[in-house]
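1. return atomic coordinates for the entry below.
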Amino acid sequence: MLLEGVETLLVLAKEGTMSRAGSRLYISQSAVSKRIARLEQKLGKKLIVPDGRNIKLTPDAQALVAQVGPGFNELKGQIFDQQAIRDHTPIILACSETLVAGYLAALMGRFLKDDPHIVLNTHHTPVIVERVQAGDATVGFCAGHLPAHHGLQARHLFDEPFTVVFNQPLTETPECLLTNDLSNPANAYQAGLLQQAGIRPLMEMDSYTAAAKLALGGAAPALVPLSVVKTLAIKEQDCQHFAFLDGFVRPIYLCYRQHSYRSERVKHLIETIADFVPTAALLPSAST
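-> Residues are numbered from 1 along each chain as shown. Sure, this is the predicted structure:
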């Protein structure tokens, strides 16, 4: 119960509101409030105060977060390592949404027939890494740069290329592009590459799919990875290449705790994805 309350406080410190913390933890807003109240009662300290529509941590809460936050996920992960993975134990596969749609859908349809206890959920890469660190997910399937000192086993599968999507021909490198959220640490490297190319991010979306659909609707050209091109079956004539894209890729990784790989079920899942995905990335999309 104490660990549950601390975890909720750590998530709340990052998310800033009860509702966002609840979404992250897959619980209701009222459940978040109850967990924090129980933790306050246990510690005998006030931990949060209202701050408009958000919440603000008290100095006591800030001190607690600073003290236990860095090692909390590793502690949970070590506890997770003690759990036996049996034939019917759920194996959580935390994935980037674009990677599931672009590369995993066909594979998992077949894989789940042999092992129906695989559970997929989707997150951005920083959250995927945190969930694997904490044992809340068994395997992570990530797009973009991993955070430093993540402490996980990371298998690089391939570097996913980008294209510029637009519904009309472009005669020269565009001055601005629709991009994904560059404040996401996994995508932050893209800002520097765009700056080097003299390209300004026009709008930063939370979804490559949204950026691609806006581009296909004529709003503005968009920077789009191969997985989204495949998922949306974007036509070849709507995908354009420019010189700056030659080195513009996002690395694709599997990440997992070392202990998890000892499970034959987890090992089989990891090896199957590692074998399948790089090959699937080479296959033409439905539009070509």
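2. can you show me the helices along the stretch 51-200 of the chain?
-> Taking DSSP state H, counting those that start in this stretch as the criterion, the stretch 51-200 of the chain carries its helices at 59-81, 97-99, 105-114, 125-134, 188-196.
3. I'd like those laid out as CSV, including mean neighbour count and distance to residue 258.
-> For the C-beta atoms, the positions are set from N, CA and C on the backbone; glycine is no exception. Output for those, formatted as CSV (neighbours: other C-beta atoms under 10 Å; distance: least, C-beta to C-beta, whole Å):
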stretch, mean neighbour count, distance to residue 258
helix 59-81, 15, 9
helix 97-99, 22, 22
helix 105-114, 13, 23
helix 125-134, 23, 11
helix 188-196, 15, 26
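4. could you pull out the buried residues of the lengthiest strand in the chain?
-> With secondary structure taken from DSSP state E, the chain has its longest strand at strand 153-165. Buried residues in strand 153-165, defined by neighbour count with 16 or more other C-beta atoms under 10 Å: 153, 154, 157, 158, 160, 161, 162, 163, 164, 165.
5. just checking, what packs against that strand?
-> Secondary-structure packing of strand 153-165 (3 or more C-beta pairs under 8 Å, 6 or more residues apart in numbering; DSSP states H and E): helix 208-216, strand 222-225, helix 226-232, strand 239-240, strand 249-256, helix 264-282.
6. compare the ones you listed and give me the one nearest residue 108.
-> helix 264-282 (9.1 Å; C-beta to C-beta).
7. name the residues that touch that closest one?
-> Residues outside helix 264-282 that contact it (C-beta atoms under 8 Å, 6 or more residues apart in numbering): 85, 87, 89, 91, 93, 99, 103-104, 106-107, 111, 115, 118, 138-139, 141, 155, 157-158, 160, 226-227, 252, 254, 256, 260-261.
8. quick one: strands adjacent to the longest strand of the chain?
-> strand 222-225 (antiparallel), strand 239-240 (antiparallel), strand 249-256 (antiparallel) (DSSP bridges).
9. outside of the helix or strand harbouring residue 24, which residues touch it?
-> Under the criterion of DSSP states H and E, residue 24 resides in helix 18-25. The contact list for helix 18-25 (C-beta under 8 Å, 6+ apart) reads 7-8, 11-12, 14-15, 28-29, 31-33, 55, 127.
10. one more time with 6 Å, if that's ok
-> Residues from elsewhere that reach helix 18-25 (C-beta atoms under 6 Å, 6 or more residues apart in numbering): 11, 12, 15, 28, 29, 32, 33.
11. nearest to residue 170, of those residues?
-> Within the contacts of helix 18-25, the smallest distance to residue 170 is 38.8 Å, found for residue 15 (C-beta to C-beta).
12. once you drop chain neighbours, what's closest to the residue nearest the centre of the chain?
-> Nearest residue to the geometric centre of the chain (C-alpha atoms, centre = their mean): residue 124, 2.1 Å. Counting by C-beta to C-beta, 6 or more residues apart in numbering, the nearest residue to residue 124 once its immediate chain neighbours are dropped is residue 184, at 5.8 Å.
13. for the one you found, give me phi and psi.
-> phi -70, psi 120 (degrees, to the nearest 10).
14. give me the neighbour count for it.
-> By other C-beta atoms under 10 Å, 17 other residues sit near residue 184.
15. same question, residue 86
-> Around residue 86 there are 9 residues (other C-beta under 10 Å).
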